[in-house]
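Chemist: Pasted the sequence and its predicted model underneath.
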Amino acid sequence: MTALPLRAPSAKENLRVLKGQRPQRVTLAPWMIMVLIGVVAFLGLGFARTSLDKSAFELDQLTRAIEEQGAINEQLRLEIARLENPARIAPLAEELGLVIPADTRQLLVDLGQGAAVASIDNESETQ
Amino acid sequence: MASGKATGRPSSGKVRVALIGLFLVAAWLGMAYRLVQVQVVQAADLADQGLSQRLVTRDLAPQRGKIFDRNGELLAMTVEAQSIWANPAQIEEPLWVAQQIGGLLGVDSESLYQRLTSNRDFVYLKRQVEPGLAEQITALEVRGLHAHPEATRIYPAGEVASHVTGFVDIDGNGLEGLEYVYDEELRGTPGKAVFERDLEGRIIPQGISDIVPAVPGTDLNTTVDLPLQYQSQQACLSAVERTQADSCWIVVLDVENGGILAMAGAPVFDPQTRKTVDATCDLEADPTCHSFSNFVVRNVYEPGSTQKLITVAAALEEGEVRTGTWIPQVADVLELREGACLDGDDDVYGCYQDFDKHDTADMTVADIFTRSSNVGTILIGEKLGEDRLKGYIEKFGLGSITGVDYSVEAPGFLNFEAGCETCWASAAIGYSVAATPLQMAAAYAAIGNDGVWTKPHIVASKTDVDGKEDVSGLETRRVVSEETARLMQELLANVVEEGTGQAAGIDGYRVGGKTGTANILSDDGLRYTEITRASFVGLAPIDDPKVVVAVLIDAPSFEYRTGGASAAPVFAEVMEQALHRLGVTPDADNG
């Protein structure tokens, strides 16, 4: 085998200079940027819309939660009012042995005359 | 080549292509036509149709305002409950369903079964049940059985404040008491919500939405003191039991501003169920035992001797007498029409007797008032004359409504018919005059307030979405001078210290008041019966009155027929509690 060509090529005899403008390469960058912007804008809008919807749903859920908690709060207020009803407390107090005192003693402090104390005994002294 | 030449007729292949082409063109044209029709010609109508399917309009019910006592304790409020309903057409086993839920709902199963087998598409099984109970019902997962939310009015104090709050019907319309008077303000303003929903009924977040929120009802802050209201009611219930009376009524007034601190009675009713809580009430035997009527405001009675306050105050004010003026020859019987005292059935007009027999004697005005002498009071009234007596009775507020903010107040009446020779005498001692317990309490409050009458009221202020509004602007008028009022206060104190009202005394406080015992007219109105209305109206502490308590006991047993025997002890019990509740310091020299 030989590495030499069988015939030596002619020295650039086929090369020639063409007249006219050199063909320009199409620049893709602006198109790509525009497409990119378009895609980003599309995705961004979609994301924004989704976020907005998500926020709206969350807001709706929060509103419902507030309403539910408000209803619970009202029920608790009602429960407190029922528990504080004198008609419930008085019999319970009686069961526990509590009674309205029949004999009371009230001390009236006359601030104008120093430590003078007047006592009022109702029926009898406090036991 | 023959096959390659044009023959003038298209080949079948070209025809097919042309036909397909035409078909496609026609199809496109058709679609274009339809597109234009839908998107241009019918666009607006179709858009409206679509929107109407998605749009939902709902009324937003406002929450009914709350009612509070003077310390902020709840007397009435509205909460969300559940109403159980059914579509009978969908109920497959009505008997089983009726048996399952009858016990839970507390409704007779037979009644439920009848409703579940009716021909209607919607029947209520029970309205406004507790949410927990509704959950139990819906957990049964019976087809055709449903629950929907519905507001319900709750009265946490139960029957204790029922004669103040009144009640609403099942649809939330005020029917009685404050609920009726302030119904429009309590119910608020409904709102409206318009929104778009998807196929599953969910709100479309970015869809059309227009909400006009409901404006909650106005809250009422009353002058009523709930513990005192309870004590008053208990005192009345005990009094009815002790005296075997038909009913008992109490009103407690703040002397200075006319605020009603308590307004209670027996029998009582539960505003929630709108039924009496009196187990002995047999509607067939006595239809009135189921009454919701508040006697304090709506019923009138002849006040009897409690009216003498006005007669004596008028005579003092006009200078006709002084407390020490001697009235000569006061007997225990006075016959103004000849022969009137001879016929027992004819004692309505012309014959007047003192409750206790006594010798004819000279008596001072103070003695007459302290011993509650009818004859002596008529003699004092005679000095005054009919016109002036009537004028003072009207000035003290009898015969016309007080203007209290409670439903359907009775004005009472004054019987001063032209030609009636004895009406003035009857009026001087509390007959021929009909008044409500509230009118009498307001008259005594005028004496306690140094001669200035003040319009009673229950609501002190209102709280709406814009804040609090004070509505207790006092309406006042002077009825007697301060001097006369002070004299009357002393006379009232004498009644409790020495006279007919000694059972009204309270340890630690100086009390003034007047007993009243008025016989009830027979049904035909021609004569008085032995049945009485016993009353006591009084003030304390008498040296600087803060509270008025009026007690009326209707038809007590004979043993308790007088105001001193039946009403005065109840007065003392309630007045003591009222003074404690208001933090009134005991009198230093009245131990």
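Modeler: Thanks, I have it.
Chemist: So, low pLDDT: which residues of chain A?
Modeler: Applying pLDDT under 70 to chain A picks out residues A:1-13, A:17-18, A:21-23, A:101-106, A:108, A:112-127.
Chemist: Which residue ranges of it form helices?
Modeler: Assignment of helices within chain A using DSSP state H yields the ranges A:29-83, A:86-95.
Chemist: And the next helix or strand past the worst-scoring helix or strand of chain B on mean pLDDT?
Modeler: Least confident element among the helices and strands of chain B, by mean pLDDT, DSSP states H and E: strand B:275-276 (a mean of 76). Counting by DSSP states H and E, the element after strand B:275-276 in chain order, helix or strand, is helix B:295-298.
Chemist: same for the following helix or strand past that following helix, what does it pack against?
Modeler: Downstream of helix B:295-298, the first helix or strand assigned by DSSP H and E is helix B:308-317. Contacts defined by 3 or more Cβ pairs under 8 Å, 6 or more residues apart in numbering or on different chains; DSSP states H and E place helix B:308-317 against helix B:365-370, helix B:374-384, helix B:386-395, helix B:437-448, helix B:482-497. Placement of C-beta: from N, CA and C, glycine included.
Chemist: Adjacent strands (with direction) for the following helix or strand past the fourth one?
Modeler: In this case it means helix B:437-448. Where DSSP H and E defines the elements, the next helix or strand beyond helix B:437-448 is strand B:452-454. Looking at strand B:452-454 with DSSP bridges, its partner strands are strand B:476-478 (antiparallel).
Chemist: Tally up the residues packed near residue 19, please.
Modeler: Reading this off chain A. 5 (other Cβ atoms under 10 Å in any protein chain shown).
Chemist: meant chain B, my bad for not saying
Modeler: 10.
Chemist: ok, so what distance separates it from chain A?
Modeler: 42 Å (Cβ to the nearest Cβ, to the nearest Å).
Chemist: how much space is there between that residue and residue A:31?
Modeler: Distance from residue B:19 to residue A:31, counting by Cβ to Cβ, to the nearest Å: 43 Å.
Chemist: Parallel or antiparallel, which strands does the least confident helix or strand of chain B pair with?
Modeler: For strand B:275-276, the paired strands and their directions (DSSP bridges) read strand B:269-270 (antiparallel).
Chemist: State the mean pLDDT of the partner strand.
Modeler: Averaging pLDDT along strand B:269-270 yields 88.
Chemist: Which residues of the stretch 151-300 of chain B lie near chain A?
Modeler: Contacts of the stretch 151-300 of chain B with chain A, taken as Cβ under 8 Å from any Cβ of the partner chain, map to B:154, B:156-160, B:203, B:205-206, B:226-227, B:230-231, B:234.
Chemist: what about 6 Å?
Modeler: Taking Cβ under 6 Å from any Cβ of the partner chain as the test, the list of the stretch 151-300 of chain B residues beside chain A reads B:154, B:156-158, B:160, B:205, B:227, B:230.
Chemist: Which ones among those residues map onto helices?
Modeler: Short answer: these in helices (DSSP H) are B:227, B:230.
Chemist: and the residues of the stretch 151-300 of chain B next to chain A as a markdown table, adding pLDDT and neighbour count?
Modeler: Listed next are these as a markdown table, based on pLDDT from 0 to 100; neighbours: other Cβ atoms under 10 Å in any protein chain shown:
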| residue | pLDDT | neighbour count |
| --- | --- | --- |
| B:154 | 94 | 20 |
| B:156 | 94 | 23 |
| B:157 | 93 | 27 |
| B:158 | 90 | 19 |
| B:160 | 94 | 28 |
| B:205 | 69 | 18 |
| B:227 | 94 | 19 |
| B:230 | 96 | 21 |
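Chemist: Switch the residues of the stretch 151-300 of chain B next to chain A over to JSON lines; also include distance to residue B:169.
Modeler: Formatted as JSON lines, these follow (distance: Cβ to Cβ, whole Å):
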{"residue": "B:154", "distance to residue B:169": "14"}
{"residue": "B:156", "distance to residue B:169": "19"}
{"residue": "B:157", "distance to residue B:169": "20"}
{"residue": "B:158", "distance to residue B:169": "18"}
{"residue": "B:160", "distance to residue B:169": "21"}
{"residue": "B:205", "distance to residue B:169": "39"}
{"residue": "B:227", "distance to residue B:169": "29"}
{"residue": "B:230", "distance to residue B:169": "26"}
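Chemist: The lengthiest helix in chain B - contacts with which helices or strands?
Modeler: In chain B, taking DSSP H as the definition, the longest helix is helix B:12-36. The helices and strands touching helix B:12-36, judged by 3 or more Cβ pairs under 6 Å, 6 or more residues apart in numbering or on different chains; DSSP states H and E, number zero.
Chemist: Out of the helices and strands packed on helix B:308-317, which is the most enclosed?
Modeler: Mean neighbours per residue, mean count of other Cβ atoms under 10 Å in any protein chain shown, is largest over the helices and strands packed on helix B:308-317 for helix B:437-448, with a mean of 28.
Chemist: one step back: nearest to chain A, out of the helices and strands packed on helix B:308-317?
Modeler: Of all these, helix B:482-497 sits nearest to chain A, with 16.2 Å by Cβ to the nearest Cβ.
Chemist: How many residues are close by residue 36?
Modeler: Picked chain A for this. Counted with other Cβ under 10 Å, residues neighbouring residue A:36 total 10.
Chemist: um, chain B though
Modeler: Residue B:36: 12 surrounding residues under other Cβ under 10 Å.
Chemist: Mind pulling the model confidence for it?
Modeler: What the model reports for residue B:36 is a pLDDT of 93.
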